[in-house]
Structures are given as structure tokens and as C-alpha cells.
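*Asks:* only geometry, no sequence info:
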């Protein structure tokens, strides 16, 4: 299984266009610290790729990776489809950037699909440009990421692990459902390898822990370093957990949990206020002692 990390930043990216906090200012002064919105590309055995979450940066993210670009002289793209972990704007606005395609396959849970079709009217807007084909992202069992290899049973299979019922602001009055935010379990039967991708984690549930314990690689929500970070930074009156993100450090933090896993563990979805956006920050050494790392843009993970 081949994974390409296309981005590792939370909403707004790093730097964020309207922010001059230390994290954003540092990224402007040191361009190598810039981070695009969190996203992942998953390769199939026939050379095609599925993008996890269509961010506002999706065009640049595709261009940054030669494997994701079209063949010379053609408009045939190796991008086979998009998998969504939630309906947040930062993870879905990039779908409009794909309107030049002949068709776009989208895997999503039922509440996420309904939010995008009923609230954002995505089918109506993009229907004049391309064809959207929706596939259900199951919470029980697995489905293949389509490709020639998958029909032989040797490709990557995917399933959703419910994480929380956090709805995006534009759908705050929508029915409650545990499928609003999910983690993705990626499994390759031919090798027995699996990965867990969880860019937004509000609760570390038993189901999520089982999936993490079974995985060879875990990429998880690292939005905030500690619970008080949003308040301390002055942009919210809520804590990290109040905003739907378990912190990295402190009581109930995920670092201690990840340290107990046998998998290779990485953080993604970093907010611009998180000290981890500075590669010289002491917090990196603390994570290293636990055997945990921070993922970086254009990182390649082979399982």
C-alpha cells in the first residue's frame, strides 16, 4: 500500500491568509514550514489514486506529486475518486476544482452526502460541468477502492470508523448521526497491511482504538497541542475538545495513547497556533521520546 501525504494543516492552511500569529509569520519567513490543508492520496495496484478529502489546495496538491499528474499530451488523470471523512468546507471545497473531469466518484457516509447535496447543492452546481457518482462509505464491512487489481481481490479496501456526530456549521440543524465524522481504515488483503487515517478526532472511542491497535500506520488529528490552546491564542472561547479535537498533550491527550501502539504513528491537521508547526519547537523532542512523529507535506508512506 502506498500513501502520499498531500497536506497536514487544519482549516486555513499555514500560513492562514488573514493571520500573523507566530506560526503563520514563521511560515512566511521560512517557506519550508508552509503546510497545505490535510489530505492523503491512496494508490491502487493499477496506478490510480484516490484522494482523501478534497481541500481548497487540491489543484496544487496534485501538481506537487508527479504520480498524480495526467499523462503527457492527454487529459487522462490517474485520480480515480475522492473519499470524504466529513462534510466540513475545508475537506469538500476542492470538489469544485475537479469539475473539468469527465466524472468524479465520491465515497462518503450518508449524512455527509446529504449535507453536500441538500445543503450545498453540489449535484446541482457541478452537474452542468461533470458527473458526480456517489458511493456509500460503509461503517460495517469494507468496500474496494475500484481498479483492475481490486476485481481480483488484491487491491485496497476501505471502511469508515465513526468518530463523532459533529456537524459542519452550515448543517448545524441537521439530524444527529455518528457518521458525520469518520476515520478511514485502509486494508490491503494481499499484504495484510492496514492504515488508519483520522484527521478529526473528538472522542477516542473503543472502535477507534481497536482500529488503531490493528493498524501498521496511524495518522491522527494533531490540531491542537493542549486543550487550552484555542483560548490562549484568543480566537475561541472553547477548548480544543470543545471544538471537536482531542489535544496532543495533557490529560486525555492522544500522545500517550499513540505511544502504546505498535504502529508507525504520525500527527496531521495541525492548526497554525500549534507549536508543532515550528520544526525547532521542543514539543517535537517530547513526541520523539514517545515514538510519535509529525507528518509533513509530500511525505510518502509505503506499507
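*Replies:* Looks like it arrived, so ask away. In this text, all values refer to a predicted model and were calculated from it rather than measured experimentally.
*Asks:* for the nearest residue to residue 35 once chain neighbours are set aside, give its distance to residue 233.
*Replies:* Setting aside the residues directly before and after it, residue 35 is nearest to residue 9 in space (Cβ to Cβ, 6 or more residues apart in numbering), at 3.7 Å. Where you see a C-beta, it was placed from the backbone N, CA and C, and this is true even at glycine. Taking Cβ to Cβ, to the nearest Å as the measure, residue 9 falls 15 Å from residue 233.
*Asks:* those two: who's more crowded?
*Replies:* Residue environment comparison for residue 9 versus residue 233 gives the larger neighbour count to residue 9, 29 against 17, counting by other Cβ atoms under 10 Å.
*Asks:* give the contact list for that one.
*Replies:* The neighbours of residue 9, taking Cβ atoms under 8 Å, 6 or more residues apart in numbering as the test, are 35-38, 269-272.
*Asks:* among those residues, which two are most distant?
*Replies:* Of all pairs drawn from the contacts of residue 9, the greatest distance, 13.9 Å, lies between 36 and 271 (Cβ to Cβ).
*Asks:* neighbour count winner among these two?
*Replies:* Summary of the neighbour comparison: residue 36 and residue 271, criterion other Cβ under 10 Å, with residue 271 having more neighbours (26 against 21).
*Asks:* for the nearest residue to that one once chain neighbours are set aside, grab the count of nearby residues.
*Replies:* Residue nearest to residue 271 in three dimensions, not counting chain neighbours: residue 10, with 4.3 Å by Cβ to Cβ, 6+ apart. The number of residues packed near residue 10 is 27, by other Cβ under 10 Å.
*Asks:* ok, now which ones touch residue 10?
*Replies:* Residue 10 makes contacts with 37-38, 90, 223, 269-272, as judged by Cβ under 8 Å, 6+ apart.
*Asks:* ok, so of these, who is nearest residue 84?
*Replies:* Residue 84 lies nearest to residue 90 out of these, by Cβ to Cβ, at 11.4 Å.
*Asks:* count of neighbours near that closest one?
*Replies:* Counted with other Cβ under 10 Å, residues neighbouring residue 90 total 25.
*Asks:* now swap in residue 279 and tell me
*Replies:* Neighbours around residue 279, by other Cβ under 10 Å: 12.
*Asks:* measure it to residue 23 for me?
*Replies:* Shown here: residue 279 relative to residue 23, a distance of 12 Å by Cβ to Cβ.
*Asks:* which strands and helices lie in contact with the helix or strand of the chain with the lowest mean pLDDT?
*Replies:* Within the chain, judged by mean pLDDT, DSSP states H and E, the helix or strand with the poorest mean is strand 143-144; its value is a mean of 91. Under the contact definition 3 or more Cβ pairs under 8 Å, 6 or more residues apart in numbering; DSSP states H and E, strand 143-144 sits against strand 157-164.
*Asks:* which outside residues touch the strand it packs on?
*Replies:* 42, 83, 107, 109, 137-145, 150, 178-189, 196, 198, 200-203, 205, 207-208, 211, 244.
*Asks:* take those residues and keep only those in helices.
*Replies:* 207-208, 211 (DSSP state H).
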